[in-house]
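In: Everything below, folded, please.
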Amino acid sequence: MLTVRYERLGVQAGDRLLDLGSGGGRHAFEAMRRGALVTALDADAGEVKDVSGMMKAVTSEEPAVAARGGVGTAIVGDALRLPFSSNAFDRVIAAEVLEHIPDDRMAMSELARVLRPGGTMAVTVPRWWPELLTWALSDDYHNTPGGHIRIYRRSALVDRLGAAGLECYGAHHAHALHTPYWWLRAIVGVRDDGHPLVRAYHRVLVWDITSHPPFTRIPEALLNPILGKSVVVYVRKPG
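Out: Sure thing, here's the model as predicted:
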């Protein structure tokens, strides 16, 4: 499930790309498939180990990745002290991570530092009003360790990125079908993975992600401007 539009970000073969807060590696793997030289960074050592293994599998099992020159490295790191030199990357992805970081302004400053002049970045966070309703439905949703600690309006996110020296050139919303799922989780209890309604809805989402059927893709595309769970902002470092 990809949130970022790679064509909008401008990813090309040979680009040095940082995936900050890579999690399971979904964006890192797709960048490799497009020939990028990917560094996936996450604070969770377990996630990094899994992503590293998957990167090796992607390289060995998908000949097109090697043909395009895509490579990947996964490391443990801190978003507030990125272990890279300034101007080290052509592209940066920070997907669903800033809402977890107490000092998000410092993280944005670090991301701007390691992005080269003229480079581009995609930042995704939960959209304001669906997130606000989820918080209202469940305290556990945002009070658990590692949970969301803030809610962004798009304008505030753009302003903070602008204060870090980055210029916005585009935005869109994504994952409208996921918004009701998280409202349902908040209503029945975010820890109740076994609830019949939650399990049924989850099966639909997995089917949608793996099969891409038109009778879910088309409605989601139409609903994204209204119901999209994530907002994606594209910014550029002047240079």
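In: can you give me the strands for the protein?
Out: For the chain, the strands defined by DSSP state E cover 16-20, 37-42, 71-76, 89-95, 115-126, 167-174, 230-236.
In: between the ones you listed, which gets nearest to residue 148?
Out: Among the strands of the chain, the nearest to residue 148 by Cβ to Cβ is strand 115-126 (6.7 Å). C-beta here means a position set from N, CA and C on the backbone, and glycine is covered the same way.
In: In this structure, which residue sits furthest out from the middle?
Out: residue 196 (28.1 Å; Cα atoms, centre = their mean).
In: Could you check how far that one is from residue 66?
Out: Noted for residue 196: a distance of 44 Å to residue 66, by Cβ to Cβ, to the nearest Å.
In: give the contact list for the most centrally placed residue in the chain.
Out: Residue closest to the average C-alpha location in the chain (Cα atoms, centre = their mean): residue 95, at 1.9 Å. Applying Cβ atoms under 8 Å, 6 or more residues apart in numbering, we find residue 95 in contact with 3, 4, 19, 21, 23, 27, 122, 123, 124.
In: could you measure the fourth one against residue 42, distance?
Out: From residue 21 across to residue 42, the span is 6 Å (Cβ to Cβ).
In: of the two, who's got more company?
Out: residue 42 (25 against 22; other Cβ atoms under 10 Å).
In: Isn't the more buried one up against residue 27?
Out: No. Applying Cβ atoms under 8 Å, one finds residue 42 not in contact with residue 27, separated by 11.7 Å.
In: list the buried ones in the helix or strand of the chain with the lowest mean pLDDT?
Out: One helix or strand of the chain scores below all others by mean pLDDT, DSSP states H and E: helix 140-143, with a mean of 86. Using 16 or more other Cβ atoms under 10 Å as the test for burial, helix 140-143 gives 141, 142.
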